[in-house]
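*Asks:* Quick one, structure for this:
(2 chains)
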Amino acid sequence: MKLMETAVEKWSGAIQEVTLGAGADAGGTRTSTIKVGGAAALPFMDFEGVTPNAPVVAMEVWDCEPTDWPAPLREALGDVVKDPAEWARTCVEEYGADAICLKLANTHPDEGNTSPQEAAAVVKAVLAATSVPLIIWGCENDEKDNDVMPVCSQAAAGERCLLGAVTEDNYKTLVAACQADGHSLIGLSPIDINIAKQVNILVSEMGFPLDRMVMYQTTGALGYGIEYTYSIQERGRLAALGADKMMALPVICMVGQEAWRAKEAKATAEEQPTWGNADTRGVYWELATAATLLQAGSDIMVMRHPDAVRALKGVVGNLMK
Amino acid sequence: MNVIGERINGMFTVIGDAISAKDPGPVRDMAIKQLEHGANTLDINVGTRVPKDERAEVMRWLVESVREVTDAPLAIDNPALSTMRVGIEAATKKGPAIINSTTGQEDKLASFMALAHEFSAGIICLAIDENGVAASTDAKLEIGMRSVGAAMDAGVPLEQVYLDPIILPVNCDQAAPGIVLETISQFGMLSDPAPHIVIGLSNLSQGASERPLINRTFLVMAIAAGLDASIHDPLDTGLMNEMITAEMLLNKSIYSNSYLKAHLQSL
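*Replies:* Here you go, the predicted structure:
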């Protein structure tokens, strides 16, 4: 006897499928390429529609040693953080990262202020050390990014990397570079769904194809605005499934970056003796942030701690069963 | 909002002349032009210049001409079952179709619903029956209910049913637009899922001055009442912009500074 009828929602739209990385057949050198997006239903509601691609678990790598990262994170990663190529290789080979997100933090004028050529050399080294798709993120200083990113784009031409991020006020340079070198793009908006849509419209008006775009709606960590991120991503996904093509793009979340800024993640045992083991607290904070945002509709999770990566891959595997 | 473009109609000179000359060019051009301007569905009407016994063949020719350039849904606009069958059969060879339309007499409803079921087509049901156009909200709702019942009997899913409350020219009966708005808001409660609600907008301003203004104002009011499909001229950009704005204000689409452009890019 059937006790309860399953309420099944009918959707008219689906998320764009975006391919990350290019193999030899497509003019690149990646041995593993990844499809993200493509979902025709809310996350993991397999009785309502297909979710053809599992969320991607990527790991964040910097172009310089991140000296201000909390001790549990630095200790877990070890000395490899002194060398971006070695760091990236370890993330892929030892921790199972599906992709690498290279953050060019050291190009920032207030940090190392390294040159576009130096940044491009790091990009090439990371590409050579790994065979998975690469995400390249600028230092979020518009002027410097506009100098650095086109050179990095060219250095990685044909690899179908994902470059970010463009904003409502600064998009033309990076769009042109990605167009020329065959990369995909991340559109950034500050937890604002109207601006998110506007960025997508502006970029597509330049003739950039929607199937090479990903949205970054800005990530809020657990306890630090995660509900805002959740609501915006969920509303975007509902609009997309209702056939709003301008919102039907995969979403990237900077989980590690935000989770490890929380005091709950980074406070030492001396500072907060009642908060539990400092070695695992941050890992749980990162994992809880990621697991929550998966339910809102997230396609690329950029993580930091190897244990959180391993655990998240388990969560994704179970949800996709 | 399902915009059913009204411009492929033998009553318009360019289409009437194309029919006489058997020239598919202007028909194809008008199909593409309407789709580019935001039509989701294209109405196909042979008009009254064609003799009655030739209408089925002309309908087939119009549909096939349009199907050469698009597989968008086509609304086959004719009151006769025989012509309707020819049009629906030709249209559904490549894409969806909507029957436009049936009136609410029991036997007519049954035969048109059977056709809709046979071709998995949508169907527009007018608030007209053996007593003529239903004038009051109650009378319109009664025919609406009868139409929904006939659809269920025939196995036509409610997502395929479009109820049309019938809008008459404002200069004939000024109380009618208010009655139609009231009917629209109540049509939505007839069934779950709710049927679609459609109007033939241009009829409202027949013979009136300020036609575009009257059409635009009423369309916005009707959308607020629950209208989700409209037969009108998608080439009237002002009308389309008001429709897009009304839907945005009702939170049916996400606002952005370029929301008007986004609407067309999203099609």
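*Asks:* show me where the chain has helices.
*Replies:* In the absence of a named chain, this looks at chain A. Taking DSSP state H to define them, one finds helices in chain A at A:71-77, A:84-93, A:116-129, A:142-155, A:172-181, A:193-205, A:226-241, A:255-259, A:263-266, A:278-297, A:306-320.
*Asks:* that's the wrong chain, I wanted chain B
*Replies:* According to DSSP H, chain B carries its helices in the segments B:13-21, B:24-36, B:55-67, B:81-91, B:106-118, B:137-154, B:176-187, B:211-225, B:237-249, B:259-265.
*Asks:* gap between the second one and the chain center?
*Replies:* Centroid separation for helix B:24-36 versus its chain: 18 Å, with C-alpha atoms, centre = their mean, to the nearest Å.
*Asks:* again with the first one
*Replies:* In terms of C-alpha atoms, centre = their mean, the gap separating the centre of helix B:13-21 from the centre of its chain is 22 Å.
*Asks:* Touching it from outside, list them.
*Replies:* With contacts defined as C-beta atoms under 8 Å, 6 or more residues apart in numbering or on different chains, helix B:13-21 is touched by B:7-10, B:23-27, B:30, B:46-47, B:49-50, B:58, B:61-62. Bear in mind the C-beta positions are built from the backbone N, C-alpha and C, glycine included.
*Asks:* Could you give the bridge partners of B:V198?
*Replies:* B:V198 has these beta-bridge partners by DSSP bridges: B:A229.
*Asks:* Who are the contact partners of it?
*Replies:* B:2, B:4, B:124, B:162-164, B:227-231.
*Asks:* The lowest-mean-pLDDT helix or strand in chain B packs against which elements?
*Replies:* In chain B, no helix or strand scores lower on mean pLDDT, DSSP states H and E than helix B:259-265, which sits at a mean of 88. When contacts are defined as 3 or more C-beta pairs under 8 Å, 6 or more residues apart in numbering or on different chains; DSSP states H and E, helix B:259-265 packs onto helix A:193-205, helix B:237-249.
*Asks:* The first one close to chain B?
*Replies:* In other words, helix A:193-205. Yes: Helix A:193-205 is in contact with chain B by C-beta under 8 Å from any C-beta of the partner chain, via A:193-195, A:197-198, A:201-202, A:204-205.
*Asks:* Strands of the stretch 1-150 of chain A, residue ranges please.
*Replies:* For the stretch 1-150 of chain A, the strands defined by DSSP state E, counting those that start in this stretch cover A:17-20, A:34-37, A:56-62, A:99-103, A:134-137.
*Asks:* a markdown table for the ones you listed, including mean neighbour count and distance to chain B?
*Replies:* What follows is the strands of the stretch 1-150 of chain A, written out as a markdown table (neighbours: other C-beta atoms under 10 Å in any protein chain shown; distance: least, C-beta to the nearest C-beta, whole Å):
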| stretch | mean neighbour count | distance to chain B |
| --- | --- | --- |
| strand A:17-20 | 22 | 17 |
| strand A:34-37 | 22 | 17 |
| strand A:56-62 | 26 | 25 |
| strand A:99-103 | 26 | 27 |
| strand A:134-137 | 27 | 24 |
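*Asks:* Could you dump the ones you listed into TSV and include mean pLDDT?
*Replies:* Converted to TSV, these look like this (pLDDT from 0 to 100):
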stretch	mean pLDDT
strand A:17-20	97
strand A:34-37	97
strand A:56-62	98
strand A:99-103	98
strand A:134-137	98
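*Asks:* Quick one: buried ones out of the contacts of helix B:13-21?
*Replies:* By neighbour count, with 16 or more other C-beta atoms under 10 Å in any protein chain shown, those hold B:7-10, B:24, B:26-27, B:30, B:46-47, B:50, B:58, B:61-62 as buried.
*Asks:* want to try TSV for these, with distance to B:S205 as columns?
*Replies:* Formatted as TSV, those follow (distance: C-beta to C-beta, whole Å):
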residue	distance to B:S205
B:R7	16
B:I8	20
B:N9	16
B:G10	21
B:P24	31
B:P26	25
B:V27	26
B:M30	21
B:V46	23
B:G47	20
B:V50	26
B:V58	28
B:W61	31
B:L62	26
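*Asks:* so which of the residues you listed comes closest to A:A177?
*Replies:* Nearest to A:A177 among the buried ones among the contacts of helix B:13-21, counting by C-beta to C-beta, is B:M30 at 41.3 Å.
*Asks:* For chain A, what's its nearest residue on the stretch 1-150 of chain B.
*Replies:* B:N40 (10.5 Å; C-beta to the nearest C-beta).
*Asks:* Verify the stated contact: that residue with B:L267.
*Replies:* Yes: with contact defined as C-beta atoms under 8 Å, B:N40 and B:L267 form a contacting pair (7.4 Å).
*Asks:* what sits in contact with each of those two?
*Replies:* Listed contacts common to B:N40 and B:L267 are nil; contacts here mean C-beta under 8 Å, 6+ apart.
*Asks:* May I have the beta-bridge partners of A:I100?
*Replies:* Beta-bridge partners recorded for A:I100 (DSSP bridges): A:M59, A:L134.
*Asks:* which parts of the stretch 51-200 of chain A sit against chain B?
*Replies:* Checking the stretch 51-200 of chain A against chain B by C-beta under 8 Å from any C-beta, the hits are A:193-195, A:197-198.
*Asks:* Spatially central residue in chain B, please.
*Replies:* Centroid check for chain B by C-alpha atoms, centre = their mean gives B:I231 as the closest residue, at 4.1 Å.
*Asks:* dump the residue contacts of it.
*Replies:* B:4, B:6, B:43, B:75, B:100, B:198-202.
*Asks:* The same query, at a cut-off of 7 Å, please.
*Replies:* If a contact means C-beta atoms under 7 Å, 6 or more residues apart in numbering or on different chains, then B:I231 has B:4, B:6, B:43, B:198, B:200-201 as its contacts.
*Asks:* Since that was my last question, I'll sign off now.
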